[in-house]
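J.: Give me the fold of what follows.
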Amino acid sequence: MKQQRPIMTLRQDKVIELMNTYCGGNYNQFARELGVPVSNLYNFMQTSYGGGTKMIGAVARFCKGKDLNFEDYIEL
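T.: Residues are numbered from 1 along each chain as shown. A predicted model of the protein is given here:
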């Protein structure tokens, strides 16, 4: 039987914390910092929908640039 890989998801509460800490809660600024469309970020922040591979990669790069532990922002 094929073994399934764990699914990685972003922790919405921790991503909101990042936005508030580094961008004063400004969606537009945080989306620019992440390199994602504001609409994707907003949808994720409001519904947890849209936290796919692009958003995970963007948060990972942001964390690396700020010398933060990316694992604090994900769930497996």
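J.: What residues sit buried inside the helix or strand where residue 43 lies?
T.: Take DSSP states H and E as the rule and residue 43 turns out to sit in helix 38-47. Buried residues in helix 38-47, counted by 16 or more other Cβ atoms under 10 Å: 40, 41, 44, 45. To be clear about C-beta, it is placed using only N, CA and C from the backbone, and glycine gets the same treatment.
J.: correct me, but the last one touches residue 14?
T.: To tie it back to what came earlier, the one meant is residue 45. No - taking contacts as Cβ atoms under 8 Å, residue 45 lies outside contact range of residue 14: 11.5 Å.
J.: Residues that sit against both of the two, list them.
T.: In the contact map built from Cβ atoms under 8 Å, 6 or more residues apart in numbering, no residue is linked to both residue 45 and residue 14.
J.: Only C-alpha atoms, please: export the helix holding residue 43 in PDB.
T.: Extracted C-alpha coordinates of helix 38-47, given in PDB (Å, rounded to 0.1, in the frame of the first residue of the first chain):
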ATOM      1  CA  VAL A  38      -3.700  40.900  -2.200                       C
ATOM      2  CA  SER A  39      -6.900  39.000  -3.000                       C
ATOM      3  CA  ASN A  40      -5.200  35.700  -2.300                       C
ATOM      4  CA  LEU A  41      -3.800  36.900   1.000                       C
ATOM      5  CA  TYR A  42      -7.100  38.400   2.000                       C
ATOM      6  CA  ASN A  43      -9.000  35.200   1.200                       C
ATOM      7  CA  PHE A  44      -6.500  33.200   3.200                       C
ATOM      8  CA  MET A  45      -6.700  35.500   6.200                       C
ATOM      9  CA  GLN A  46     -10.500  35.600   6.200                       C
ATOM     10  CA  THR A  47     -11.300  31.900   5.400                       C
END
